[in-house]
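K.L.:
I would like to see how this sequence folds:
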Amino acid sequence: MPELPEVETVRRGLVPAMVGARFARVTLRRPNLRFPFPERFAERLEGRTVTDLARRAKYLTAHLDSGETLVMHLGMSGRFDVAMPDGRNLSPGDFYLEGAQGVPKHDHVVMAMGTGATVTYNDVRRFGFMDLVPTADLAASRHFAGMGIEPLEPGLDGAVIARLFRNRFTPLKAALLDQRLIAGLGNIYVCEALHRAGLHPETPAGCLAKADGKPTPKATLLARTIRQVLTEAVAAGGSTLRDYAHTDGSAGAFQHAFRVYDRVNEPCRAPGCGGTVARIVQSGRSTFFCATCQPAFKA
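P.N.:
Below you'll find the predicted structure:
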């Protein structure tokens, strides 16, 4: 499933085709994706101009001049193909199952823009979805109500980590994946951030807060490494897992910088470590870490 850096890459790739452009025609090739489309979905989009294209956690939000916002989620295999007026065909953040690239039967939503560009949503598994929400009610909508802080926003620091995790006995990795606390973090980048911070994934989350609620040095370090890992991943265009490409056709490259993710039994890449990457399962998901760099917590 695409994580925050991959969704941000998609957003940046769609901006030139969508922001400032009007929906000239919207064609739905089926009545639903993961959920049914909203009532009069195509009609409510046609004739409207996209004033801004933002990201909240792993969601894309296209603000319209009608006062509504188009909410889009890629699910597991959603992707956008863009045919630009100059003849270029782009795939901003291209996620798809092996062998399914470019198969027309999986093109479910076709958005012809007034500029001459065409944006097509393709989704093999149809776990993605689209919705229309009044912009004024967006934060309180079912998609975003109760959602945590954005990890790339300036507000994420050691003090916030300490406040969010204080008195929690949940394993640290599970706490970081809780979207009610920090929104948008996923399995890959949590594994990488914990490794850089030298924190074992099974450490009780509350250990990052002192008795008085102030952050420990590790809490401050973790906040910094989360931002570093995500910023580097966005700059690299995300990670290629099955198959992924930038708008210019080049692959996302952050997977080449993985220190632990998907590297079980390989040498740890931390300078002077000498340890080996291990794998455990937490809540049904693989966790990769180095027991030398990330020693188990001792009470």
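K.L.:
Val277 bridge partners, please.
P.N.:
Counting by DSSP bridges, Val277 is bridged to Cys290.
K.L.:
what's the distance between it and Pro201?
P.N.:
Per CB to CB, to the nearest Å, Val277 is found 12 Å from Pro201. Using the backbone N, CA and C atoms, a C-beta is placed for each residue, glycine as well.
K.L.:
between these two, what contacts are shared?
P.N.:
Both Val277 and Pro201 are contacted by Phe289, under the criterion CB atoms under 8 Å, 6 or more residues apart in numbering.
K.L.:
where are the low-confidence patches of the stretch 51-200 of the chain?
P.N.:
Along the stretch 51-200 of the chain, the parts satisfying pLDDT under 70 run over 93-102.
K.L.:
can you map out the helices along it?
P.N.:
Listed from the start of the chain, the stretch 51-200 of the chain has helices (DSSP state H, counting those that start in this stretch) covering 158-165, 172-177, 187-197.
K.L.:
closest one to Ser77 among the ones you listed?
P.N.:
Ser77 sits nearest to helix 187-197 of all the helices of the stretch 51-200 of the chain, at 16.6 Å, using CB to CB.
K.L.:
hang on, Gly237 in a strand?
P.N.:
No: Gly237 is assigned coil when assessed by DSSP: H, G, I helix; E, B strand; the rest coil, not a strand.
K.L.:
I'd guessed it sits against Thr9; true?
P.N.:
Yes: Gly237 is within contact range of Thr9, at 5.2 Å (criterion: CB atoms under 8 Å).
K.L.:
these two: who's more crowded?
P.N.:
Here Gly237 and Thr9 are compared on neighbour count by other CB atoms under 10 Å; more neighbours surround Thr9, at 28 against 25.
K.L.:
Validate this expectation: that one resides in a strand.
P.N.:
No: Thr9 is assigned helix when assessed by three-state DSSP, not a strand.
K.L.:
now do it against Cys290, distance only.
P.N.:
As for Thr9, its distance to Cys290 is 28 Å (criterion: CB to CB).
K.L.:
same check on Ala197?
P.N.:
For Ala197 relative to Cys290 (CB to CB), the value is 12 Å.
K.L.:
neighbour count: the two, which is higher?
P.N.:
Cys290 (25 against 22).
K.L.:
residues in contact with the more buried one?
P.N.:
By CB under 8 Å, 6+ apart, the contact set of Cys290 is His195, Arg259, Val260, Cys268, Ala270, Cys273, Gly275, Thr276, Val277, Ala278.
K.L.:
ok, now with 6 Å
P.N.:
Taking CB atoms under 6 Å, 6 or more residues apart in numbering, we find Cys290 in contact with Cys268, Gly275, Val277.
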